[in-house]
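Colleague: Dropping a prediction and its sequence here:
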Amino acid sequence: DTGVSQDPRHKITKRGQNVTFRCDPISEHNRLYWYRQTLGQGPEFLTYFQNEAQLEKSRLLSDRFSAERPKGSFSTLEIQRTEQGDSAMYLCASSLIQGQETQYFGPGTRLLVL
Amino acid sequence: AQSVTQLDSQVPVFEEAPVELRCNYSSSVSVYLFWYVQYPNQGLQLLLKYLSGSTLVKGINGFEAEFNKSQTSFHLRKPSVHISDTAEYFCAAGGTSYGKLTFGQGTILTVHP
């Protein structure tokens, strides 16, 4: 069990650029979640995958955001035309399906939009 | 919809003193409750969780929490804190069919020597 990994750990970009983040969940975990955490706040749910299917999206996830999990393993989160308000820590978590299984979090990707 | 409120944004304590971090939740459905800890520049680590059964839950690093349905609370306690407990603590509620968590705003615990 190598845990949940995220890449990159830090990203600085200019407003208007596109960025893509990657999450590798724990290998046998079917569920994968993306959360966003801004300074001084708790994480907020963005979206959820069960295997390769994206089953839930928060209203926080504007049209500029897209997430995929093409083979039910790793996931990517892309932000198009970044805005300064997108600056945050993006956290990925994974879990098993049975009941309310514990979500295991990765270290996060910290995005700064200049 | 679920909501989670952490009543203290910052809690300073001296080493070896007891501490309580307060959490209230509101939910119209069955709720599962969690406490996570976040060290600087790291992800969240699970301390403990309440799913059902005994209302007193014991977790890692000597922490425990008590589920109180009548007061809709899930306060985190530790009888004697260490410098290494300095971190931010998040209370979270689950219970949807797909396990989405709703987090509180976080409590920064600072342990002074």
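Modeller: Yes, it's here.

Colleague: can you give me the strands for chain A?
Modeller: Ranges of strands in chain A, per DSSP state E, are A:5-7, A:10-13, A:19-24, A:31-37, A:44-50, A:53-57, A:65-68, A:75-79, A:88-95, A:104-105, A:109-113.

Colleague: Which of the ones you listed has the lowest mean pLDDT?
Modeller: Lowest mean pLDDT of these: strand A:53-57, a mean of 90.

Colleague: Can that one be said to contact chain B?
Modeller: Yes. Strand A:53-57 is in contact with chain B by CB under 8 Å from any CB of the partner chain, via A:55, A:56. C-beta coordinates here come from the backbone N, C-alpha and C atoms, glycine included.

Colleague: is it true that residue B:98 touches residue A:50?
Modeller: Yes. The pair residue B:98 / residue A:50 is scored as a contact, 6.9 Å apart, by CB atoms under 8 Å.

Colleague: okay, and the common contacts of the two?
Modeller: Residues touching both residue B:98 and residue A:50 by CB atoms under 8 Å, 6 or more residues apart in numbering or on different chains: residue A:31.

Colleague: Just give the number of residues close to residue A:67.
Modeller: Residue A:67 has 21 neighbouring residues, counting by other CB atoms under 10 Å in any protein chain shown.

Colleague: dump the residue contacts of it.
Modeller: Contacts of residue A:67 by CB under 8 Å, 6+ apart are A:34, A:46, A:47, A:49, A:54, A:61, A:75, A:76, A:77, A:78.

Colleague: which residue packs closest to the first one, ignoring adjacent ones?
Modeller: Right, the one you point to is residue A:34. Distances taken as CB to CB, 6 or more residues apart in numbering or on different chains place residue A:46 nearest to residue A:34, at 4.3 Å, with adjacent residues excluded.

Colleague: what's the residue closest to the geometric middle of chain B?
Modeller: In chain B, the residue lying closest to the centroid (CA atoms, centre = their mean) is residue B:35, at 3.4 Å.

Colleague: swap in chain A?
Modeller: residue A:34 (3.3 Å).

Colleague: Now render the strands of chain A as a markdown table, adding distance to residue B:13.
Modeller: Output for those, formatted as a markdown table (distance: least, CB to CB, whole Å):
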| stretch | distance to residue B:13 |
| --- | --- |
| strand A:5-7 | 32 |
| strand A:10-13 | 32 |
| strand A:19-24 | 35 |
| strand A:31-37 | 25 |
| strand A:44-50 | 28 |
| strand A:53-57 | 39 |
| strand A:65-68 | 40 |
| strand A:75-79 | 37 |
| strand A:88-95 | 26 |
| strand A:104-105 | 26 |
| strand A:109-113 | 29 |
